[in-house]
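Trainee: give me the fold of what follows.
(2 chains)
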Amino acid sequence: MSASKAAASPPRRRVSPLRYVMPGIVLFWLAMTFIGHAVAPYSGAAIQDADLFEGMSRKFLLGTDYLGRDMLSRILEGARFTVGISLAATALAVGAGLLLALTASAVGGLVDQVLSRFLDALISIPSKMFGLVVVAAFGASIPVLIITMAIIYVPGCYRINRAAAVNIAALDFVAVARSRGESTFYIMLREILPNMVGTTLADFGLRFIYVVLLLSSLSFLGLGVQPPDADWGSLVRENMPGLPYGAPAVLMPALAIASLTIAVNLSIDAFYGSRRAREGVH
Amino acid sequence: MAPLIEIRDLRVEARGDDGQPVEIVKGVSFTVERGEVMGLIGESGSGKTTIALALMGYARFGCRISGGTVRIGDTEVTGLSEAALRKLRGRRVAYIAQSAAASFNPSRTIMQQVIEAARIHGTLDEAAAREKAIGLFRAMAIPKAETIGERYPHQVSGGQLQRLMAAMALITDPEVVIFDEPTTALDVTTQIEVLKAFKSAIRDRNTTGIYVTHDLAVIAQIADSITVLRHGFVQETAKTGMLLASPAQEYTRNLLAAAEPARRERPALVETAAPLLKVTGLTVGYGGLDAEGMPLVPVVREVDLAIRQGEALGVIGESGCGKSTLARAISGLAPPARGTVELGGKVLGPGLAQRSREELREIQLVFQSADTALNPRVSIGEIIGRPLTFFFGLKGAERDRRVRELLDLTHLPASVLNRQPGDLSGGQKQRVNLARALAAKPRLLLCDEVTSALDTLVAAAILDLLAELRKELGLTTMFISHDLKTIRAICDQVLVLYAGRVVETLPASAISARGHHPYAKLLFSSVPALHQGWLDGLAAPAMPASATEAQGREGCTFFHRCELRMEGTCDRIVPPPRQTPEGLTVACHHPLEG
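Mentor: Now for the predicted structure:
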């Protein structure tokens, strides 16, 4: 009797340890973006040891790279590039996408049509190809990387945000604001935007992951961050010769990329899930 | 003989916001004899649908049946396994949902779905099931019974779909049929046909039924007994006649009173020469314009109307007749293709962009659904305060004082100021909706179905508020509704709209079932009266609806459904509005009877 009742009762919301671990990892990498240089045990640029591709040891926690530099320090210092550049590019892409989406939904008509078709055209360009062409043309400086990746991801952001915004723009409270004579700007920022924060934040997180992966692959191809600076993608690339020796130098930067993207993804899910449960809608 | 259905001390739990179980049905007991229909009535949240679903051993997601017994014949439903429940559902207990449109699969033909239950339960083979379905379609008075099964759900009308769903439920000859608000979403003129079909089907088959509704007048036609529910408790159970004649509970008396809303007190009109609002030849539509500058899909056609200062004009008509579009065109939200809107003798621009801020302030539109009309992320104080800042430049303490005045005016507690719309009840939200419109100090208030989404008693309170506001503020209002009783309670003049055209204008006091445009007559006579036997007393239509449903631009819009249609005249010439001595304006070719 009691067993069947327990089975029939609504499932209790589980508090998984992931809810704290994942945001912890995100915060850790975010912190390293700013203080990675300060906390690194060695200088990432300095050759510490004649031994190349060393394994993990007490002296070099994550081993050494192809020039005998401390891998841990290089990864911590690389966070600045991977996380920093990605964050800047994502913020730019989401900001621009959001602004365009709000404009399109609040103004509607021809403006919406022109914006949508133009960005649809842009979305059809393969991202890595676009990146290759731009970097080949303008060189691989950090501003060029940020702007290129922002441009690549604006259309996607626009699509998602526009889909959310047009639904809200069709609701009666927006019609009320319009019939009051409110400006388009007011309708965009005060009536529509507050109702799509959840969607935009979730999109920000996902977009950030795409940007990290794109930056890493560009760097892996040698088109991203240029030596002597190195982001995690470059670290994987430059330590490729260590692969036959099973050196941690190849694996560790790859793991760093994975840990960041997975942690961001799961943090969004947890945040979004609890929000949904709390508000009991959608 | 033991009753067929016996529910004893039924309890259903739901998970509350804090994860703790909350009882939503709190010990309900009643019995239904074989062949009888029990009506369950109550406002939203009273547990009526939950109880009906429990008859199938079903609890909605997040809910569970936590106690009591539900017995159908010899079967104890709450103790059945999932497999046994599957055998029960659709076979011995069938369910007819509120929205037939949402209950049919749009990608399969109607017949496939109607006979599905017979196929699953193996009661009939395919050919026999089809034959039986066609018989049921006939019994339900569905036109083209032989072929309608080959159509897809979107190809038949809402009223037909609801009857087809009833046929689907009856295909296995269930012992119990649950009707869950099956006519709530229908227009009154359609509701009658569906109710008649249900009633004869129930009678012919000696079906035992549970009929869930919030409409006392509807249930009085169908049910033998009525159980009144409130907050998960039974208020009272009685034979229908007894309950209507001498309700035992205060709550039931209130429900009865609200079901026939009294005419609210209205201020005496000041006779002024010029009307406040004058609409001339208004045509609104969508889909671009044709060569003559007319919209391809006209929604409102050549509407003329006038509202005097302090007057309340009711606009009535079925869904899709253009009521809301008319209001939106007057407010400037939907620019008309033709015609003009004059306020206080001044012609207003067609769209919002062509109107000054002052002109926008003078006309305020109150939307039907407060859920979508209030921004869920903005506090009540800001929602009401924004028009004050926007139109009058009020800020700080002064604005705050005015917001509190408006809350007071609409009988809202000051404690709602910092809350968001999601924290308020339906009635409170509608009051905020009104308060926001009043904040602009409008000369004309357009109310679009403001009571339609509310429970009967809450709606009655909103009507009281509107009547009070009219008296205190001398408001001029246009009150749109599909509900004749509401219109009669609050309006001075009534405008009957059919397919975008005004077919009749009349004083609210002249609403009766005779001497009107044929559509108005049909509409007025379709509103269920609050006494038993009203449905049986209705006469059958003299002439069935015409088979062609196409609506040409020429002729009377009501032609295809009219009992008095004259080929050659009514389908060729738009009937001009004519005045009658009683103060009615009727657009019909027929001479008006007295």
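Trainee: what's B:Y519 in contact with, if anything?
Mentor: B:Y519 makes contacts with B:496, B:498, B:503-504, B:558, B:561-562, as judged by CB atoms under 8 Å, 6 or more residues apart in numbering or on different chains. Bear in mind the C-beta positions are built from the backbone N, C-alpha and C, glycine included.
Trainee: again with A:I151
Mentor: So A:I151 contacts A:93, A:122, A:130 (CB under 8 Å, 6+ apart).
Trainee: just the buried residues out of the residues you listed, in PyMOL syntax.
Mentor: Remark: buried members of the contacts of A:I151, expressed as a PyMOL selection using 16 or more other CB atoms under 10 Å in any protein chain shown:
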select buried, chain A and resi 93+130
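Trainee: which of the contacts of A:I151 fall within helices?
Mentor: Under the assignment DSSP state H, the contacts of A:I151 contribute A:93, A:122, A:130 to helices.
Trainee: helices along the stretch 1-150 of chain A, start to end?
Mentor: A:2-8, A:18-39, A:71-107, A:109-123, A:127-138, A:142-169 (DSSP state H, counting those that start in this stretch).
Trainee: just those: most buried one?
Mentor: helix A:71-107 (a mean of 23; mean count of other CB atoms under 10 Å in any protein chain shown).
Trainee: and the nearest residue to B:Q579 once chain neighbours are set aside, what is it in contact with?
Mentor: Spatial nearest neighbour of B:Q579, chain neighbours left out: B:T585 (5.7 Å); criterion: CB to CB, 6 or more residues apart in numbering or on different chains. Applying CB under 8 Å, 6+ apart to B:T585 gives the contacts B:504-506, B:577-579.
Trainee: near chain B, which residues of the stretch 151-282 of chain A? Just list them.
Mentor: Residues of the stretch 151-282 of chain A lying near chain B by CB under 8 Å from any CB of the partner chain: A:171-173, A:175-176, A:178-182, A:190-191, A:194-195, A:279-280.
Trainee: any chance of the helices of the stretch 1-150 of chain A in JSON lines, plus mean pLDDT?
Mentor: What follows is the helices of the stretch 1-150 of chain A, written out as JSON lines (pLDDT from 0 to 100):
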{"stretch": "helix A:2-8", "mean pLDDT": "40"}
{"stretch": "helix A:18-39", "mean pLDDT": "84"}
{"stretch": "helix A:71-107", "mean pLDDT": "91"}
{"stretch": "helix A:109-123", "mean pLDDT": "91"}
{"stretch": "helix A:127-138", "mean pLDDT": "87"}
{"stretch": "helix A:142-169", "mean pLDDT": "92"}
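Trainee: B:I307: which of the ones you listed is closest?
Mentor: The closest of those to B:I307 is helix A:142-169. By CB to CB, the value is 30.8 Å.
Trainee: what angle sits between the closest one and helix A:71-107?
Mentor: Counting by axes from the mean of the first three to the mean of the last three CA atoms, to 10 degrees, helix A:142-169 lies at 40 degrees to helix A:71-107.
Trainee: can you give me how far the following helix or strand past helix A:142-169 is from the chain middle?
Mentor: Sequence order places helix A:172-180 as the next helix or strand after helix A:142-169, per DSSP states H and E. Counting by CA atoms, centre = their mean, to the nearest Å, helix A:172-180 is centred 36 Å from the centre of its parent chain.
Trainee: now stretch B:398-411: how far from the chain's centre is it?
Mentor: That offset, for stretch B:398-411, works out to 32 Å (CA atoms, centre = their mean).
Trainee: now do the buried residues in that stretch.
Mentor: B:399, B:402-403, B:406-407, B:409-410.
Trainee: sorry, back to before: so which of the contacts of B:Y519 is the closest to A:A254?
Mentor: Nearest to A:A254 among the contacts of B:Y519, with distances taken as CB to CB, is B:Y498, at 70.7 Å.
Trainee: what pairs with the closest one across the strands?
Mentor: In this structure, B:Y498 bridges to B:R501 when assessed by DSSP bridges.
Trainee: and it, how many neighbours does it have?
Mentor: By other CB atoms under 10 Å in any protein chain shown, 24 other residues sit near B:Y498.
Trainee: just checking, it touches B:G320?
Mentor: No: in this structure, B:Y498 is not within contact of B:G320 by CB atoms under 8 Å, at 10.2 Å.
Trainee: coming back round to it: just the contacts of A:I151 that are near chain B?
Mentor: Of the contacts of A:I151, not one also sits near chain B (CB under 8 Å from any CB).
Trainee: which among the contacts of A:I151 gets closest to chain B?
Mentor: A:A93 (24.4 Å; CB to the nearest CB).
Trainee: show me what contacts that closest one?
Mentor: When contacts are counted by CB under 8 Å, 6+ apart, A:A93 touches A:149-154, A:156-157, A:207, A:211.
Trainee: mind telling me which residue of the stretch 451-594 of chain B is nearest chain A?
Mentor: Relative to chain A, the nearest point of the stretch 451-594 of chain B is B:A453 (12.0 Å; CB to the nearest CB).
Trainee: who's in contact with that residue?
Mentor: By CB under 8 Å, 6+ apart, the contact set of B:A453 is B:368-371, B:426.
Trainee: assign it to helix, strand or coil.
Mentor: Here B:A453 is coil, with the state taken from DSSP: H, G, I helix; E, B strand; the rest coil.
Trainee: tell me the SS of the nearest residue to B:G241 once chain neighbours are set aside?
Mentor: With CB to CB, 6+ apart as the criterion, B:G241 has its nearest non-adjacent residue at 5.8 Å, and that residue is B:Q532. Three-state call for B:Q532 (three-state DSSP): coil.
Trainee: pLDDT value on B:Q532, please?
Mentor: B:Q532 is assigned 79 on the pLDDT scale.
Trainee: quick check: pLDDT value at the nearest residue to A:P23 once chain neighbours are set aside.
Mentor: Spatial nearest neighbour of A:P23, chain neighbours left out: A:S267 (4.7 Å); criterion: CB to CB, 6+ apart. If you check A:S267, the pLDDT there is 84.
Trainee: show me what contacts B:A238?
Mentor: Neighbour list for B:A238: B:225-226, B:247-248 [criterion: CB under 8 Å, 6+ apart].
Trainee: let's see if you can find the most crowded of the residues you listed.
Mentor: B:I226 (28 neighbours).
Trainee: Three-state assignment for the most centrally placed residue in chain A, please.
Mentor: Per CA atoms, centre = their mean, the C-alpha nearest to the average position across chain A is that of A:F208, at 1.3 Å. Three-state assignment for A:F208 (three-state DSSP): helix.
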